[in-house]
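1. need coordinates for the following:
(one chain, ligands or ions: 1)
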Amino acid sequence: KISNRALYPPGPPTFPIIGNMLSVYIDLKKHKYHHKVWQSWSRIYGNILGLKFGLIRIVVVSGRELIREVSTREVFDSRPDGFLYTMRSFGKKLGIVFSDGPVWNTTRRVLLKYLKHFGYGTRSMEVFIAEECRDLVMLRISDAGTPVFVNQMFHIPITNILWRIVAGKRHIIPDLIGFTEIKSVHNKLHEFILETIKEHRDSIDINNPRDVIDAFLIEMIEHKATAITEEELQIVCLDMLEAGMETVTNTAIFMLLHLVRNEKVQKRLQTEIDNVVGLSRTPSLDDRPNMVYTEAVLLETLRISSVAAVGIPHMAREDARLGDYLIPKGTYILLAIHDLHNSNDWEDPDIFRPERFLKEGSLIQDDKILAFGLGRRRCIGEGLAKSELFMFMTHLLQKFTLKVPDGDPMPSTDPIDGITLSAKPFRVIFEPRFK
Ligand code: HEM
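-> The predicted structure follows:
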């Protein structure tokens, strides 16, 4: 039972109806990014920051212990049910990312089971990624030595990999990539997914699931009672594409950005590739344990450019107590992940320094990095994301040195604000290392 005396957490003064909207508007001009506004307010009002926007309550929690607590308590594992979150799923809570309760339990279980047995760590996953790496390298060979805008370069490979895992095929309609927030595109994507599910139904072998769609169809056939519907499966497919696309693309672009800005880091990464892999073959996932510097570059990128700056909103499913405060049922909860990774608890937080994750030549598996969240809602794509990032970077850096074109400014580490943070457009020259 929650004591009647516990109060909603403190935050900036609110106005009737609009709540904190005006303050956000004003402070965004100063801080430029939403997550920085929350950060500045948390410094004033505390690690449990209470905000109101019309009827919606939003609490922002900061610091490792509180983020851990919210992520692991069942009462906080729901997702918001506002219109913005459900309009992409027929006005209902479906799929995995924005569903909760029994629906979410089932979709998450089926997905994790499939990915564990048939996805991560299997050869086929590595083969998918390696094929995309080969094409990426070929493309860069074709324009080697000339400046290219890189911000879109991972969209197609990443979508291809995801669609292979979900639907067994490589090519999704290219026009649809990267524009899923537009309604007409969304409708087309829905139709396309529905069509793909139909094809799977017609050719399924229940003893040999080929992909995520098969895994769900088999679950539907074997456990009629679990109430997975076709609509549900449609949204699971959409979720996989949307959750696995921008996050990895944006992180990969930031990684290029940090490498091009930090010549010494790039050199050290190339030296590691040369020593461990050499030139006679391409890098593989088996090399990962021997390439601690590459892993450290990856961790440092996830730290300094945390693209999911406040995670995906959680929601309190009942009134609950957090610290000294009352979190009313239905409150949205944001996790200050970017802030955690860039606070003054880190030495020189603004400096890109992979060495901070190394000690006497070994990797410090720093559990201070919570880029994928933790607990009940933890990202299911972490293994895939890290494999992709490792493979993209090692394949490219084995063959090329990245340079800023003469006359172009050094690319800025300041992100573009959005659902996920992304890098501003910049150009790179891929200079072949060996003629
Ligand atoms: C660098 C890449 C990625 C980052 C930084 C990232 C980060 C996150 C974060 C912070 C969450 C929310 C955790 C929470 O609610 O507490 C999440 C959830 C999720 N991610 Fe990722 N993610 C990445 C890549 C991927 C990929 C490649 C996939 C697809 C295979 C994926 C699929 C999902 C799904 C389905 C969820 C929802 C899980 C649930 O609500 O139960 N993510 N991710």
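
2. neighbours around the closest residue to the ligand within the stretch 201-350 of the chain, how many?
-> Of all residues in the stretch 201-350 of the chain, residue 244 sits closest to the ligand, at 3.0 Å by CB to the nearest ligand atom. For the C-beta atoms, the positions are set from N, CA and C on the backbone; glycine is no exception. Residue neighbour count, defined by other CB atoms under 10 Å, stands at 22 for residue 244.

3. low-confidence ranges in the stretch 51-200 of the chain?
-> In the predicted model of the stretch 51-200 of the chain, residues 120-122, 172-183 satisfy pLDDT under 70.

4. let's go with 90 and repeat that
-> For the stretch 51-200 of the chain, the stretches with pLDDT under 90 are 81-94, 103, 114-125, 168-192.

5. hey, where'd the helices end up in it?
-> Secondary structure of the stretch 51-200 of the chain, counting by DSSP state H, counting those that start in this stretch: helices at 64-72, 83-86, 101-114, 123-142, 155-167, 183-203.

6. quick revisit: for the residue of the stretch 201-350 of the chain closest to the ligand, give me its contacts.
-> Neighbouring residues of residue 244 by CB atoms under 8 Å, 6 or more residues apart in numbering: 158, 162, 381, 384, 385.

7. quick one: buried ones out of the residues you listed?
-> 158, 162, 381, 384, 385 (16 or more other CB atoms under 10 Å).

8. which of the helices of the stretch 51-200 of the chain sits most buried?
-> Highest mean neighbour count of those: helix 155-167, a mean of 22 (counted as mean count of other CB atoms under 10 Å).

9. what's it in contact with?
-> Residues from elsewhere that reach helix 155-167, judged by CB under 8 Å, 6+ apart: 115, 119, 125, 128-129, 132-133, 135-136, 169-172, 174, 177-178, 196, 200, 211-213, 237, 240-241, 244-245, 248-249, 252, 384, 388, 392.

10. also stretch 135-154?
-> For stretch 135-154, using CB under 8 Å, 6+ apart, the contacting residues are 157, 178, 248-249, 252-253, 256, 392, 395-396, 399-400, 405, 408, 422-423, 425-432.

11. same check on stretch 318-331?
-> 2-3, 6-9, 47-48, 50, 57-59, 61, 66, 69-70, 73, 75-76, 315-317, 333.

12. not counting its neighbours along the chain, what's nearest residue 28?
-> residue 37 (5.9 Å; CB to CB, 6 or more residues apart in numbering).

13. burial count for the one you found?
-> Residues near residue 37, counting by other CB under 10 Å, number 23.

14. same deal with residue 417?
-> Residue 417 has 15 neighbours, counted by other CB under 10 Å.

15. now swap in the one 5 residues further on and tell me
-> By the measure other CB under 10 Å, the count of residues near residue 422 is 19.

16. then residue 115?
-> When counting by other CB under 10 Å, one arrives at 20 neighbours for residue 115.

17. so what's the residue count around the closest residue to it other than its chain neighbours?
-> The shortest distance from residue 115 to any residue other than its chain neighbours is 6.6 Å, reached at residue 380 (CB to CB, 6+ apart). Neighbourhood size, residue 380 [other CB under 10 Å]: 21.

18. next, residue 380: secondary structure please.
-> Three-state call for residue 380 (DSSP: H, G, I helix; E, B strand; the rest coil): coil.

19. measure it to residue 131 for me?
-> 23 Å (CB to CB, to the nearest Å).

20. now residue 240
-> Counting by CB to CB, the gap from residue 240 to residue 131 is 19 Å.

21. kind regards, and thank you for your time.
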